[in-house]
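Visitor: Sharing a model that was predicted from the sequence below.
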Amino acid sequence: AIAFVAPGHERDGIVHMPGGQSGHPLSPFWGAGHDDWVAGRPTPFLPGPALYTLTLAPPG
């Protein structure tokens, strides 16, 4: 991933992620962002609303 962002201007920052967020080809997120990268469409640097959560808890 390549990010262009300046401190204090995070809202103006962009990210290019040619392979997606996951490095695993069977993940549904593996190719996320690839079409935008090919077309030269930047992805915002700041995250949007959370779509998923992961809760870790001790066994038992």
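Guide: All right, it came through fine. As the structure is a computational prediction, the values presented were derived from the model and not from experiment. Numbers count the residues shown, from 1 in each chain.
Visitor: where along this protein do the helices fall?
Guide: Here the chain has its helices, by DSSP state H, at 34-39.
Visitor: So which residue is dead centre in it?
Guide: residue 21 (5.2 Å; Cα atoms, centre = their mean).
Visitor: I'd assumed residue 31 was in contact with it.
Guide: No. Checked against Cβ atoms under 8 Å, the pair residue 21 and residue 31 is beyond contact range at 9.7 Å. All C-beta atoms are positioned from the backbone trio N, CA, C, and that covers glycine.
Visitor: hmm, back to that, the residue nearest to the centre of the chain and residue 7, how far apart?
Guide: Distance from residue 21 to residue 7, counting by Cβ to Cβ, to the nearest Å: 24 Å.
Visitor: How about residue 46?
Guide: Distance, residue 46 to residue 7, using Cβ to Cβ: 13 Å.
Visitor: Between the two, point out the one with more neighbours.
Guide: More neighbours surround residue 46 than the other of residue 46 and residue 7, with 10 against 6 (other Cβ atoms under 10 Å).
Visitor: which residue packs closest to the more buried one, ignoring adjacent ones?
Guide: Leaving aside its chain neighbours, residue 46 sits nearest to residue 10 (5.6 Å; criterion: Cβ to Cβ, 6 or more residues apart in numbering).
Visitor: count of neighbours near the one you found?
Guide: Residue 10 has 11 neighbours, counted by other Cβ under 10 Å.
Visitor: what pLDDT does it get?
Guide: Confidence at residue 10, expressed as pLDDT, is 92.
Visitor: Verify the contact between it and residue 4 for me.
Guide: No. Counting by Cβ under 8 Å, residue 10 stays clear of residue 4, with 11.0 Å between them.
Visitor: Give me the nearest residue to the residue nearest to the centre of the chain, chain neighbours excluded.
Guide: In space, residue 21 is closest to residue 29, 4.7 Å off (Cβ to Cβ, 6+ apart).
Visitor: Please report how far residue 53 lies from residue 22.
Guide: Per Cβ to Cβ, residue 53 is found 17 Å from residue 22.
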